[in-house]
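[1] Have a look at this prediction, sequence included:
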Amino acid sequence: MRANVWSGRNEVSVETVPDPSILNDRDAIVKISSTAICGSDLHLYDGYIPAMKRGDILGHEFMGEVVEKGKGVGNLEVGDRVVVPFPIACGDCWACKHELYSVCENSNPNSGMAEKMFGHSTAGIFGYSHLTGGYAGGQSEYARVPFADVGPIKVDEDFSDEQVLFLSDIFPTGYFGADLCDIEGGETIAVFGAGPVGQFAIASAILMGAERVIAIDQYDYRLQMALNKAGATDVIDFSKDADIVEQLKELTGGRGPDAVIDAVGMEAAHGHGAVHAIDRVKQASRSESDRGHALRDAILACRPGGIVSVIGVYGGLMDKFPTGAFMNKGLQLRTGQAHVQKYLKPLYEHIRNGDIDPSFVVTHRLDLNQAPNAYETFKHKQDECVKVVLKP
Amino acid sequence: MSSKASITVLGSPEEVQRRWADDQYRPGYIEKADAAVSFKPAPGDRGTEIHVDLEMTAPGGKLGEMAMKLTGKEPLAKVKDDLRRFKAQFETGEIPRSDGVPEGELGERKLKQRPAQPLKQNELQKAGV
């Protein structure tokens, strides 16, 4: 089959590789109809996530048709149309029983490696380095899906691929980020990053009853999407004024947002001159893996007693964490890879009810063979790129 | 270097101990090393803790340290592999395998990962699939 593989920093290529096969009873094989490039794939592309190997198949957002299944998969039939969540979860361990699927205790067969890095292992993830298991990803014609009796959700034919594909990651991830903010109605929420995940965090905060949602980015076209499609009430374009904290205070009568969502992660673009320069040098020399401006500003901007929700991906260590502001303001820091399996059914219902049509983020539709160009376009935000869907 | 390893398995002490002794689940390396193994209930609903100490000998067993020397370079890593595999098999009924680590959790694989792409036919046989 054809698959998009990692070939080194800033290099992916579409190659012919063996077809996947069933390795365990609870596996299924899915023939992929649509797959997407995630912002977090760019961290791999840029070489900031450790434990990548040449030839690794990328991609953790995909859907398609079940073409084969192991004898332990009772809930799916060959021919079913499914969307596959990016975290691989067994459904049986203590974490899964408590709906903490992204920290499944069993699905990462490189748990020893992960423990060295993070203290504990987290769930396996498709196409996301050997630290999260060394699983082949879904930017390919077929994928093997372990624990297929737990993860995939069946979807009806009356929805297009683009309407349901993002149940695999970015819609639940954005929703999870908003869910961590304990929204009860009337809150002001700031969202750092108006990429695809930020768009869904904004839309989800509005769905949950937030009164004001402020989108923060440096690309006007993304801020326009946040305003016109996701439902943001205000925007901050930091290419015009880099002092985000001051602007957030101004927009909130000095209070600061009740909660701040970091949908940026480890390759933040803004930051005050000197600190940004130090971060760039340290990250380039691999003595700091995470550039943390978004998280620093989130902590400085959040109102005292508020919540900072981190769904942007970080991989290792960062410097200059504002511990003083974090502690003295009495903030809560809540984080994680989304527990996608927990959100699949309720979010599918939201799509069915017409509360949201997730396809609004798609700007580029390309053949899988064009993956190398698509990564470049997405990375450099060319051609007003927000979200790329690839067709195998 | 620590000689101890532990893991928590979601099951009652009785069930965990019963399966620990079952051929289908047998933790091969830990048995061979004759290490001391103890089981105790975890607090709340967390299941059962399994503690292994390579420096202690199992009752009536041979000297643990000697066993360590005899059975390989990184005995603790092998003990941990056994524990993780036991936990996974107990809880999920299978040993999770990926393309990078087709045999399932394996200390020796840490630095010798396959690329994350499907296995060829001859590799499948070698990985015991």
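    Perfect, thanks for sending it. Numbers count the residues shown, from 1 in each chain, chains lettered A, B, ... in the order given.

[2] Grab the most central residue of the chain for me.
    Using chain A here. A:Ile170 (5.1 Å; CA atoms, centre = their mean).

[3] hmm, I had chain B in mind actually
    Closest-to-mean residue, chain B, CA atoms, centre = their mean: B:Asp82 / 0.8 Å.

[4] residue contacts, that one?
    B:Pro27, B:Gly28, B:Tyr29, B:Ile30 (CB atoms under 8 Å, 6 or more residues apart in numbering or on different chains). C-beta coordinates here come from the backbone N, C-alpha and C atoms, glycine included.

[5] In contact with whichever residue of the stretch 151-300 of chain A sits closest to chain B, which residues are there?
    Residue nearest to chain B within the stretch 151-300 of chain A: A:Gly151 (13.0 Å; CB to the nearest CB). With contacts defined as CB under 8 Å, 6+ apart, the neighbours of A:Gly151 are A:Val84, A:Pro85, A:Pro87, A:Ile88, A:Ala89, A:Val145, A:Val340, A:Gln341.

[6] Pull out the buried members of those.
    Buried subset of the contacts of A:Gly151 (neighbour count, 16 or more other CB atoms under 10 Å in any protein chain shown): A:Val84, A:Pro85, A:Pro87, A:Ile88, A:Ala89, A:Val145, A:Val340, A:Gln341.

[7] Tell me if I'm right that the second one and A:Phe166 touch.
    In other words, A:Pro85. No - checked against CB atoms under 8 Å, the pair A:Pro85 and A:Phe166 is beyond contact range at 11.3 Å.

[8] Just name the shakiest helix or strand of the chain by mean pLDDT.
    In the absence of a named chain, chain A is used. Counting by mean pLDDT, DSSP states H and E, chain A has its least confident helix or strand at helix A:273-284, which shows a mean of 73.

[9] Chain B was what I was after
    helix B:64-70 (a mean of 48).

[10] Might you list the low-confidence residue ranges for chain B?
    B:1, B:57-73 (pLDDT under 70).

[11] what about the strands in it?
    Using DSSP state E, the strands of chain B run over B:4-9, B:35-41, B:48-57.

[12] of all those strands, which lies closest to A:Asp161?
    strand B:4-9 (40.1 Å; CB to CB).

[13] Do I have it right that the residue nearest to the centre of chain A meets A:His60?
    No - contact criterion CB under 8 Å: A:Ile170 and A:His60 do not qualify, at 10.4 Å.

[14] and for the two, which residues touch both?
    Shared contacts of A:Ile170 and A:His60, defined by CB under 8 Å, 6+ apart, are found at A:Cys38.

[15] Could you list the low-pLDDT ranges of chain A?
    For chain A (pLDDT under 70), the answer is A:270-274, A:287.

[16] end to end, how far does stretch A:115-132 reach?
    11 Å (CA to CA, to the nearest Å).

[17] Now do the buried residues in that stretch.
    Buried residues in stretch A:115-132 (16+ other CB under 10 Å): A:Ser121, A:Thr122, A:Ala123, A:Gly124, A:Ile125, A:Phe126, A:Gly127, A:Tyr128, A:Ser129, A:His130, A:Leu131, A:Thr132.

[18] number of nearby residues for the nearest residue to A:Gly265 once chain neighbours are set aside?
    Leaving aside its chain neighbours, A:Gly265 sits nearest to A:Gly312 (2.9 Å; criterion: CB to CB, 6 or more residues apart in numbering or on different chains). If you count neighbours by other CB atoms under 10 Å in any protein chain shown, A:Gly312 ends up with 30.

[19] Over to A:Ala284?
    Neighbours of A:Ala284 (other CB under 10 Å): 9.

[20] Check the gap between it and A:Ile278 for me.
    From A:Ala284 over to A:Ile278 the distance is 11 Å, taken as CB to CB, to the nearest Å.

[21] Alpha carbons of stretch A:71-87, as PDB, please.
    C-alpha atoms of stretch A:71-87 as PDB (Å, rounded to 0.1, in the frame of the first residue of the first chain):
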ATOM      1  CA  LYS A  71     -12.200 -12.700  16.700                       C
ATOM      2  CA  GLY A  72     -12.200 -10.400  19.700                       C
ATOM      3  CA  VAL A  73     -14.000  -7.600  18.000                       C
ATOM      4  CA  GLY A  74     -17.700  -8.200  18.500                       C
ATOM      5  CA  ASN A  75     -19.100  -4.700  18.000                       C
ATOM      6  CA  LEU A  76     -18.000  -4.100  14.400                       C
ATOM      7  CA  GLU A  77     -18.700  -5.900  11.200                       C
ATOM      8  CA  VAL A  78     -16.700  -5.900   8.000                       C
ATOM      9  CA  GLY A  79     -18.100  -3.100   5.800                       C
ATOM     10  CA  ASP A  80     -18.900  -0.800   8.800                       C
ATOM     11  CA  ARG A  81     -17.900   2.900   8.200                       C
ATOM     12  CA  VAL A  82     -15.900   4.100  11.200                       C
ATOM     13  CA  VAL A  83     -14.000   7.000  12.600                       C
ATOM     14  CA  VAL A  84     -10.900   6.000  14.600                       C
ATOM     15  CA  PRO A  85      -9.800   8.000  17.800                       C
ATOM     16  CA  PHE A  86      -6.100   8.900  17.900                       C
ATOM     17  CA  PRO A  87      -5.400   7.500  21.400                       C
END
